[in-house]
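1. please work out how this folds:
(chains A and B)
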Amino acid sequence: MALDTKQDTRTEFKIVGTRVPRPDGIDKVTGRARFGADMSAPGMLVGRVLRSPHAHARIVSIDTAAAAALDGVHAVVTRADFPDIPLDAALADIRDNCMAGAKALYDGHAVAAVAATSESVARQALKLIKVDYEPLPHVTDVDRAMDPGAPALHEGRTDESVPEDMSPNVMARYEFGHGDVEAGLKKADRVLRRTYRTEATHQGYIEPHACLAQMGPDGQADMWCCTQGQYMVRDTCAAILGLRQGQVRVTASEIGGGFGGKTTVFLEPVALALARKAGRPVKMVMSRSEVLRATGPTASSSIDVAVGMAADGRITAGFAELRYQGGAYPGSPVELGAMAAFAPYDLENVRTIGWDVVANRPKQAAYRAPGAPMAAFAVESAIDELARGFGLDPLEVRLRNAAREGTRSAYGVTFPAIGLEATLRTARDHPHWGAPLGDNQGRGVACGFWFNFGGNTCVSLNIASDGTVNVTEGNPDIGGSRASLSMMAAEELGIPYEQVRTVIADTASLGLNDVTDGSRVTFAVGLATIEAARAAKREMCRRVAGLWGIDEEAVVWKDGAACPAGPNAGDHDPMTLAEIAAIAPNTGGPIAGHHEVNAEGAGVSFATHMVDVEVDPETGATRVLRYTVFQDAGKAVHPDYVEGQFQGGAAQGIGWALNEEYIYGEDGILQNPGFLDYRIPVASDLPMIDTVILEIPNPGHPYGVRGVGETSIVPPLAAIANAVSAAAGVRMTDLPISPPKLRRAIETA
Amino acid sequence: MDYHAPTTLDAAVDILAGASGDCRVLAGGTDLLVRMRSDMAHPDAVVDIKRIASLRTITEEDGGWRIGAAVCGAEMGEHAGLRAAWPGVVEAAQLIGSTQVQGRATIVGNLCNASPAADSVPAMVAAGALARIAGPEGIRDVPVEEVPTGPGKTSLGHGELVASIFLPDRAERSGDAYLRFIPRTEMDIAVAGCGVSLTLDEDGGIIRARVALGAVGPGVMVVAEAGRMLAGSHLREGGLQQLATICSAAARPITDKRGTEHYRTHIAGVLARRAAVIAYARAGGTLE
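-> Reported below is the predicted structural model:
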């Protein structure tokens, strides 16, 4: 057959790029969609977790006898119920985070759990569990945790990259860069040195974690849960509980937001351990307070920056030392922060050093472009301050230093075709840039970078006898992937969008799919879907060639039908997909296409954000007046969703910049475990966030797609800080810029 | 837990008076039910007052307005007469929670929850509102500021409940306003709040004024000195600054997750000044 198998990027589309109705819309607005907490099973028990009231304490003993004896209690588990099987360090940390071992390491750390016939019995049982704690000194601040005398969370966990005289809370050191920073700084007309700080923020997904687990006496387990990756849940639970992966089947529910926070487990192994012990299904649903205390916010950070700039705006050198605390276990996203900090710029001399630090806070989890927003806040603030100091246009300064195709990036790779300059030029030419500002108003800009990811992907595409198509994929849809995958399948097959339905399969239905993260799904699962469709087309052409009695190469696929490749192939009427499907039993059986890949070539992504704010100098309150996102999408498969990703990232970044923060008391207890005092922006806090989609095709994807989900949260912290600093006349280097903090800065300026 | 839904005020008082354990009054439930669900309250009995017809109405009385204890914020907002007479009290009531919460939450509940940050309370205090308390000994009327006695505590005796709020007859050329500061634009809790009510003479001079602060002390605070200072003034810039200074000086805030002592002290003055300007305009006054 003569199908074009080259990986040329396609640029002409019929369906891709349109705004078709989303397949999950009606279910979600009518309440029919089934989220994690909507699952139930006959004989189901309610599981609840007992959590540490201490920031740091040795667990001397746990007495569960009274709880276990309570009428209606079917199982109580503690760490003793999690077999001490050898695990790699990362999995062992997840086990310890799900159920504390020798020590409780933060306020909210799980120490025991019960399964009972009702919520009230479960609560009563928790009160009957006697835990003897020996409180220990604690530390929650990243800089204090690095003090050599700080209370140590772990002993002997430090990576060999860390000098020996440092606090045992310092887990690892990372370094990136090239050139000679000191020499570069000497060439500068001005060197700016500043320290920036950001507080930990939570993803703030609407749906709290929820899980239903059951295990029969045959050892076969089934789980339904709200997750960004059912395979991750399966593999993690199997490892922790000493099961084979194939024994555990996990089905992902509809998901009410994740933003990275559901790429790990908190409840699932506990629910499965309770279900195994009770011999009955166990459902666990977190409260919002549990979500904030004991799931994974992002890291807090403290970052020193030195940037040298010539009077013409050329950056002569960039240096950043980043300190991130990622909670009680190693693994803060400081390495990614150190890689991303200067990534938008073409620098001769650049170096970043990252320190991974532990503190008595919940174990961090991924949060949308993990590690990059804080790093960008520091670097983009410094560049802005230098540019303004020289009286230079901050967009022109960024253009002058912008990374482009062929640039050796600050973290080592050489960039292929990238869209940063395009976003900067479009921003400069946009009416927003020249719009007048009033009193107490200021405008800020900032750039952002994200790597994007591909990863393990397995897709099946099945054609029914009436010509309808099901795409079966293994990644929970958190950003519109069912719509975009159906669109790409329809585009490739040449059939209407409405003829395709995409479903998300359980772990027994497909091979491994990595979690929905790294902005990977539209890229990698899209790529696999297109390849699965191509496989189905090849099969259909083969079937038709058999019917027509000609070579496979003489049949091509065009406009949803198999056609003769040319006059030499004979005079045959095209056969549509539906016609071929209808007679499939007579031509060899059902028709399907599959594709398995560990996808590479995700294609990095850049954005420029522009924001206007107004500051009330008397109260320190900041109002966001206007916001425009300029971002490269490669190819926007469904522009509504792409715009939604741009807007969502900007909205979360605005919250991070202005009001969201984890507030710890002197006692190490989280002071604001609820949405009243953990202040995500409400709708009335935000203007309409305008978006400009740029399309610089990603050569690594057949349709040119790049991930778009994460880059949009990288620039807003700095863009807001730059705008507020311009409006208030004081440079804000500490996030969030809450009203008391800004008022204080104005008072003391 | 026992659930009671009496249809008369007397029956409600009888149940409350006869209760031995922790017996709570339920109106909108926007505080009580939330506390119960989050394992912070475990009442033995709940007395739902929403079926008591007399507590569901807003009625004109002696030129003023009586608001039943089961009247929700949304109903206050839809009442044209109440809005015209006491816009500051209505706007304060309508700052509580979301649209959904507005359909349940009551100002009596807001008062009896006894949070120092309750939004409707400084506005009611500035308005000189009276709380009508029903109990085993009968009915008594007290100024609203005498109901809360500290965070989460009230002066209500065993068997007593607040049956209604009375907002007095409004003199000509009067206006009131309530402002709070929150870091967001809605769905938040006051860092500081201020209610101002004032009455003007024909020349725009202030005859009478009451100023009350919220969230800057253990309970609502009447700033008598601010009222005295405003009376006889014309609300010029110097007077506004003096008002702010007096209110900041009166504030006794704590430092907590919602704001520092220093910040709240400052904000109390800013809000007083801004609320006074709104109240003055509503009373028909014109600032130069």
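
2. send me stretch A:77-88 as CSV with only the CA atoms.
-> Taking C-alpha atoms only, stretch A:77-88 is exported to CSV below (Å, rounded to 0.1, in the frame of the first residue of the first chain):
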residue,chain,number,x,y,z
VAL,A,77,-4.3,-1.0,60.4
THR,A,78,-1.0,0.6,61.4
ARG,A,79,2.4,0.4,60.0
ALA,A,80,2.6,-3.1,61.3
ASP,A,81,0.1,-4.1,58.7
PHE,A,82,2.4,-3.0,55.8
PRO,A,83,5.0,-5.8,55.4
ASP,A,84,8.5,-4.5,55.7
ILE,A,85,9.5,-5.8,52.3
PRO,A,86,12.5,-4.3,50.6
LEU,A,87,11.6,-1.4,48.3
ASP,A,88,13.6,1.2,46.5
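
3. what average pLDDT does it get?
-> Mean per-residue pLDDT for stretch A:77-88: 94.

4. contacts for it?
-> A:62, A:64, A:95, A:98-101, A:111-114, A:239-242, A:269-270, A:273-274, A:277 (Cβ atoms under 8 Å, 6 or more residues apart in numbering or on different chains). C-beta here means a position set from N, CA and C on the backbone, and glycine is covered the same way.

5. how near is the nearest residue to A:Val459 once chain neighbours are set aside to chain B?
-> Once flanking residues are discounted, A:Val459 sits nearest to A:Ala528: 4.1 Å by Cβ to Cβ, 6 or more residues apart in numbering or on different chains. Separation of A:Ala528 from chain B (Cβ to the nearest Cβ, to the nearest Å): 42 Å.

6. wait, A:Ala528 touches A:Ser460, no?
-> No - using Cβ atoms under 8 Å, A:Ala528 is not in contact with A:Ser460, being 9.6 Å away.

7. so what's the closest residue to A:Arg276 other than its chain neighbours bridging to?
-> Counting by Cβ to Cβ, 6+ apart, A:Arg276 lies nearest to A:Met215, which is 4.7 Å off, once chain neighbours are set aside. Taking DSSP bridges as the rule, A:Met215 bridges to A:Ala221.

8. isn't A:Met215 right up against A:Leu274?
-> No - the criterion here is Cβ under 8 Å, and A:Met215 misses it with A:Leu274 at 9.7 Å.

9. who has more neighbours, those two?
-> Using other Cβ atoms under 10 Å in any protein chain shown as the criterion, A:Met215 and A:Leu274 rank with A:Leu274 on top: 31 against 25.

10. next, the contact list for the more buried one, please.
-> Contact partners of A:Leu274, counting by Cβ under 8 Å, 6+ apart, are A:Leu45, A:Gly47, A:Ala75, A:Val77, A:Ala113, A:Val114, A:Ala115, A:Ala213, A:Val282, A:Met284.

11. just those now: which is nearest chain B?
-> When the contacts of A:Leu274 are ranked by distance to chain B (Cβ to the nearest Cβ), A:Val114 comes first, at 14.5 Å.

12. residues near the nearest residue to A:His430 once chain neighbours are set aside, how many?
-> Among residues not flanking A:His430 along the chain, A:Thr628 sits closest, at 6.4 Å (Cβ to Cβ, 6+ apart). A:Thr628 has 24 neighbouring residues, counting by other Cβ under 10 Å.

13. what segments of the stretch 51-200 of chain A are strands?
-> Under the criterion DSSP state E, counting those that start in this stretch, the stretch 51-200 of chain A contains strands at A:57-63, A:73-77, A:103-104, A:110-116, A:130-135, A:170-178, A:190-198.

14. out of those, which one sits most buried?
-> Mean neighbour count (mean count of other Cβ atoms under 10 Å in any protein chain shown) peaks for strand A:110-116 among these, with a mean of 27.

15. for it, give the mean pLDDT please.
-> Rounded mean pLDDT across strand A:110-116 is 98.

16. now swap in stretch B:125-135 and tell me
-> Mean pLDDT, computed over stretch B:125-135, is 98.

17. nearest to A:Gly455, of the strands of the stretch 51-200 of chain A?
-> Distance to A:Gly455, taken as Cβ to Cβ, is lowest for strand A:170-178 among these, at 21.8 Å.

18. helices or strands up against the closest one?
-> helix A:334-340, strand A:350-357 (3 or more Cβ pairs under 8 Å, 6 or more residues apart in numbering or on different chains; DSSP states H and E).
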